[in-house]
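**Q** Provide a 3D model corresponding to the input given below.
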Amino acid sequence: MSAPQVAFRTAAALLMGRDLRLALRRAGDSLLPLGFFLVITTLFPLALDPALLFLDEPTSGLDPIAAAEFDRLVRDLKESLGLTVFLVTHDLDSLIAIADRIAVLIDKRLRIGTMAELLEDSNPWIMAYFRGPRGRAALAAAPAAGNG
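**A** Predicted coordinates:
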């Protein structure tokens with residue numbers, strides 16, 4: 001199957017509200033990289049000029065370089081279009097790069113705050129998540145993130 005045919009099937013799957021990954025497996029997704037399709041699936045809904053963009057684990061399956069590029073794309077779109085981005089992720093790098101405010105579900109309750117506020121939270125799980133080795137590494141890679 002040619003790349004244009006894959007692109008057509010991808011667009012058709014999006015228009016019909018179908019599971020994109022399933023459609024891509026059927027269309028021969030090996031022709032184009034996953035990162036390309038993630039960009040398509042992020043940009044396609046923006047044609048409708050939404051005020052809110054939902055992203056569910058958007059960088060899962062991407063290598064660190066592609067994930068960082070995707071994070072920059074989302075951050076730039078958020079800032080230039082005035083979008084509110086609702087991001088579900090376990091990727092601390094993406095969280096730090098994109099989020100202004102963070103909601104953490106703990107014991108059936110939400111804790112909401114900026115990264116700086118959550119870094120001061122005394123909840124043991126929040127402390128382990130954001131101040132543990134991975135959290136410290138992610139914050140060190142983006143030092144300004146903990147200040148907001």
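
**Q** got the phi and psi for the nearest residue to Pro64 once chain neighbours are set aside?
**A** Of all residues not flanking Pro64 in the chain, Asp93 sits nearest, at 7.6 Å (CB to CB, 6 or more residues apart in numbering). No exception for glycine: its C-beta is placed from N, CA and C like everyone else's. The phi/psi pair for Asp93 (degrees, to the nearest 10) reads phi -60, psi -40.

**Q** how deep is Asp93 tucked in, by neighbour count?
**A** Counted with other CB atoms under 10 Å, residues neighbouring Asp93 total 20.

**Q** ok, Val85 - contacts?
**A** Counting by CB atoms under 8 Å, 6 or more residues apart in numbering, Val85 touches Leu52, Leu53, Leu55, Val74, Lys78, Ile98, Ala99.

**Q** state whether it is indeed within a helix.
**A** No: read with DSSP: H, G, I helix; E, B strand; the rest coil, Val85 is strand and lies in no helix.

**Q** hey, what's it bridged with?
**A** For Val85, the beta-bridge partners under DSSP bridges are Leu53.

**Q** low-scoring stretches of the protein, by residue?
**A** The model of the chain has pLDDT under 70 over residues 1-39, 143-148.

**Q** ok, now with 50
**A** For the chain, the stretches with pLDDT under 50 are 29, 145-148.

**Q** what packs against the helix or strand hosting Ala128?
**A** Ala128 is part of helix 124-131 when elements are defined by DSSP states H and E. Helix 124-131 sits against strand 102-106, helix 115-119, with contacts defined as 3 or more CB pairs under 8 Å, 6 or more residues apart in numbering; DSSP states H and E.

**Q** buried residues in the longest helix that the chain contains?
**A** Criterion DSSP state H: the longest helix present in the chain is helix 64-81. By neighbour count on 16 or more other CB atoms under 10 Å, the buried set for helix 64-81 is Ala66, Ala67, Ala68, Phe70, Asp71, Leu73, Val74, Leu77, Lys78.

**Q** could I have that helix exported to PDB, CA atoms only?
**A** Provided in PDB are the C-alpha atoms of helix 64-81 (Å, rounded to 0.1, in the frame of the first residue of the first chain):
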ATOM      1  CA  PRO A  64      12.900  10.400  23.700                       C
ATOM      2  CA  ILE A  65      13.800  12.600  20.700                       C
ATOM      3  CA  ALA A  66      10.400  12.300  19.000                       C
ATOM      4  CA  ALA A  67       8.600  12.700  22.400                       C
ATOM      5  CA  ALA A  68      10.500  15.900  23.100                       C
ATOM      6  CA  GLU A  69       9.600  17.200  19.600                       C
ATOM      7  CA  PHE A  70       5.900  16.300  20.200                       C
ATOM      8  CA  ASP A  71       6.000  18.100  23.500                       C
ATOM      9  CA  ARG A  72       7.400  21.200  21.900                       C
ATOM     10  CA  LEU A  73       4.600  21.000  19.200                       C
ATOM     11  CA  VAL A  74       1.900  20.700  21.800                       C
ATOM     12  CA  ARG A  75       3.300  23.500  23.900                       C
ATOM     13  CA  ASP A  76       3.700  25.800  20.900                       C
ATOM     14  CA  LEU A  77       0.100  25.000  19.700                       C
ATOM     15  CA  LYS A  78      -1.200  25.600  23.200                       C
ATOM     16  CA  GLU A  79       0.500  29.000  23.400                       C
ATOM     17  CA  SER A  80      -0.200  30.200  19.900                       C
ATOM     18  CA  LEU A  81      -3.800  29.100  19.700                       C
END
